[in-house]
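[1] task: produce atomic coordinates for the following.
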Amino acid sequence: MTSDVAATTTNAGLFARAQEVIPGGVNSPVRAFRAVGGTPYFVQRALGPHVWDAEGRRLLDLVQSYGAIIAGHAHPVIVEAIQAAAAGGTSYGAPTEREVLLAEEIRSRVPACERVRLVSSGTEATMSALRMARGATGRDRIVKFAGNYHGHSDSLLAEAGSAVALIEADPDHPTAVPGSAGVPAGAVADTVVVPYNQVPTLDETVACVIVEPVAANMGLVAPVPGFLAGLRRECDRVGALLIFDEVITGFRLGRGGAQERYGVTPDLSCFGKVIGGGLNVGAFGGRAAVMDQLAPLGPVYQAGTLSGNPLATAAGLAALSLLDAEAYDTLAGGAARLGQGIEAALTAAGIGCRVPVEGALVGLHLGAEVPVDYDGARTTDTALYAALFHALLDRGVALAPGPYEILFPGLAHDDDVVDEVLSVVAEAATAVVAVGAR
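    Below is the predicted model:
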């Protein structure tokens, strides 16, 4: 191997090479490490709870493709399903039986989804659900919550949390402002942004309210008692549709997602992540009377060449087959143990924090209070997060490279793995405090 070739097989070498052909060197902004500093690691392979980077370093992975991986990397059941499907072709542009099976599986777990349309991403699911709601109601205005991220479609990219929070020109603006250059003001003119965990007063101009039932893009912020039920009542009062964005919570918080957990039924639900087993997929579904207004039955158009891709449906069905009641008990128990252990370790080192846990989701807020809204979430100490992130990464534990993301422990994170994480957290926290990063 020549020295030039060797240089490009390091993380730094690959990042330099990537920046010559990919804007910022990454294909999704948070991966560039701008929020935490330093050079991103390039993953070469993964197995179970681990990934290996370009330099052969093994990392205990708590990113898990931002929730798309729930059974662990390269789970043999999912790999076998993908391999078998690939042998029969990778895309047809025609219907397949597995599309029907996946839609049936989603409906069996989420009864509110009487009809399901498969798409190729979570962004596509939420974008299409908004169009569906506007078409069904004949209204234009939508209501979203500050800090809720629903993908990067124009009308939803306002005060959107996640990595957008780091680039918004004016995140304290009280009305809807685009969270990105290139989004015209008109695109969010009919988007009303309101505080999370407060039930807004609606009127008959509102087509829908879209919400993350558990906010997972501004740290982890749970709904306060009565919030989701209040949204249901207020939407019913004015004839607006209620949309749950369950791209993260769907099939992770339980068999029926957040709507089952909290006992509130939306009109439309959006899914992604888990239902693709790590491959590109999304879905939205709801009452038949609403969904049947989609083309080819109705006037609301939506289409996609790769929708219902045979590999993605095979992987999704395999992933869901692993998620029974016992699996959800395991996920919740592991997340609770991880969250409690992290909070104890950081607190013992003198780092003020709150580590909320909801089902199999774990947050990390470096501050005194558990946040209940976007303003509270943004009080997290971002500089301290960056220091802790690198202290953990140097010791072989990978968190997401952004202070508003969360941790995604899965079935591969057994007790031994959690013990290893907690040991590293204690060591990293002590090191951070020692160098005065607090």
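[2] mind listing the helices for this structure?
    In the chain, the helices defined using DSSP state H lie at 3-8, 11-21, 76-86, 97-109, 122-137, 227-238, 257-262, 288-291, 310-321, 325-348, 374-377, 382-394, 415-434.
[3] any chance of JSON lines for those, columns mean pLDDT?
    Converted to JSON lines, these look like this (pLDDT from 0 to 100):
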{"stretch": "helix 3-8", "mean pLDDT": "54"}
{"stretch": "helix 11-21", "mean pLDDT": "96"}
{"stretch": "helix 76-86", "mean pLDDT": "98"}
{"stretch": "helix 97-109", "mean pLDDT": "98"}
{"stretch": "helix 122-137", "mean pLDDT": "96"}
{"stretch": "helix 227-238", "mean pLDDT": "98"}
{"stretch": "helix 257-262", "mean pLDDT": "97"}
{"stretch": "helix 288-291", "mean pLDDT": "96"}
{"stretch": "helix 310-321", "mean pLDDT": "98"}
{"stretch": "helix 325-348", "mean pLDDT": "98"}
{"stretch": "helix 374-377", "mean pLDDT": "95"}
{"stretch": "helix 382-394", "mean pLDDT": "97"}
{"stretch": "helix 415-434", "mean pLDDT": "97"}
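[4] ok, now which ones touch the spatially most central residue of the chain?
    Closest residue to the average C-alpha location of the chain: I248 at 4.2 Å, with CA atoms, centre = their mean. With contact set as CB atoms under 8 Å, 6 or more residues apart in numbering, I248 has these partners: Y66, G67, E212, V214, A216, N217, K273, L361. Every residue, glycine included, has its C-beta placed from N, CA and C.
[5] measure it to V110 for me?
    As judged by CB to CB, to the nearest Å, I248 and V110 stand 15 Å apart.
[6] just E212 next, same as before
    E212 is 16 Å from V110, by CB to CB.
[7] try P296
    Taking CB to CB as the criterion, P296 is separated from V110 by 24 Å.
[8] who has more neighbours, these two?
    V110 (26 against 6; other CB atoms under 10 Å).
[9] now do the same contact list for that one.
    Contacts for V110 (CB under 8 Å, 6+ apart) come out as G250, G256, G257, Q259, E260, S269, G285.
[10] measure the second one to L323 for me?
    What that stands for is G256. To L323, G256 is 11 Å away according to CB to CB.
[11] over to the first one?
    Applying CB to CB, the value for G250 to L323 is 11 Å.
[12] what is in contact with the two at once?
    Common neighbours of G250 and L323 (criterion: CB under 8 Å, 6+ apart): V274.
[13] pick out whichever of the two has more residues nearby.
    Higher neighbour count among G250 and L323: G250, with 29 against 19, using other CB under 10 Å.
[14] ok, that one to R131 distance?
    Distance, G250 to R131, by CB to CB: 20 Å.
[15] swap in P23?
    From P23 to R131 the distance is 28 Å (CB to CB).
[16] who has more neighbours, those two?
    R131 (18 against 10).
[17] could I get the helices of the chain as CSV with distance to P401?
    Below are the helices of the chain laid out as CSV (distance: least, CB to CB, whole Å):
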stretch, distance to P401
helix 3-8, 21
helix 11-21, 13
helix 76-86, 26
helix 97-109, 31
helix 122-137, 20
helix 227-238, 30
helix 257-262, 26
helix 288-291, 37
helix 310-321, 25
helix 325-348, 17
helix 374-377, 17
helix 382-394, 6
helix 415-434, 15
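[18] relative to D53, which of the ones you listed is closest?
    Proximity to D53 (CB to CB) singles out helix 11-21 among the helices of the chain, at 6.0 Å.
[19] so how far is stretch 259-268 from its chain's centroid?
    Chain-centre distance of stretch 259-268: 18 Å, with CA atoms, centre = their mean, to the nearest Å.
[20] sorry, that was for stretch 234-246
    In terms of CA atoms, centre = their mean, the centre of stretch 234-246 is found 21 Å from the chain centre.
[21] likewise stretch 217-230?
    Remark: stretch 217-230 is offset 15 Å from the chain centroid, using CA atoms, centre = their mean.
[22] repeat that for stretch 20-38.
    Distance, stretch centre to chain centre, for stretch 20-38: 18 Å (CA atoms, centre = their mean).
[23] what comes into contact with that stretch?
    Residues contacting stretch 20-38 (CB under 8 Å, 6+ apart): 15-16, 18-19, 39-40, 162-163, 166-167, 382, 385-386, 389-390, 400-403, 405.
[24] can you check the distance spanned by that stretch, start to finish?
    In stretch 20-38, first residue to last residue: 18 Å (CA to CA, to the nearest Å).
[25] residue numbering should commence at 46 henceforth.
    In the new count, where the first residue is 46, that last one comes out as stretch 65-83.
[26] now do the buried residues in that stretch.
    Of all the residues in stretch 65-83, those buried under the rule 16 or more other CB atoms under 10 Å are G70, V71, P74, V75, R76, A77, F78, R79, A80, V81.
[27] can you check stretch 372-380 too?
    By neighbour count on 16+ other CB under 10 Å, the buried set for stretch 372-380 is A372, Y373, T375, L376, A377, G379, A380.
[28] other residues contacting it?
    Stretch 372-380 has contacts (CB under 8 Å, 6+ apart) with 115, 297, 299-300, 402, 404-407, 454-456, 458-460, 463.
[29] restricting to C-alpha, output that stretch in PDB.
    The C-alpha trace of stretch 372-380 is given here as PDB (Å, rounded to 0.1, in the frame of the first residue of the first chain):
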ATOM      1  CA  ALA A 372     -38.400  -7.800  23.100                       C
ATOM      2  CA  TYR A 373     -40.100  -4.700  24.200                       C
ATOM      3  CA  ASP A 374     -39.600  -5.600  27.900                       C
ATOM      4  CA  THR A 375     -35.900  -6.100  27.200                       C
ATOM      5  CA  LEU A 376     -35.600  -2.800  25.300                       C
ATOM      6  CA  ALA A 377     -37.400  -0.800  28.100                       C
ATOM      7  CA  GLY A 378     -35.400  -2.500  30.800                       C
ATOM      8  CA  GLY A 379     -32.000  -1.900  29.100                       C
ATOM      9  CA  ALA A 380     -32.900   1.700  28.400                       C
END
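[30] how far out from the middle of the chain is that stretch?
    Distance, centroid of stretch 372-380 to centroid of chain: 18 Å (CA atoms, centre = their mean).
[31] check stretch 395-403 too.
    Stretch 395-403 sits 20 Å away from the centroid of its parent chain (CA atoms, centre = their mean).
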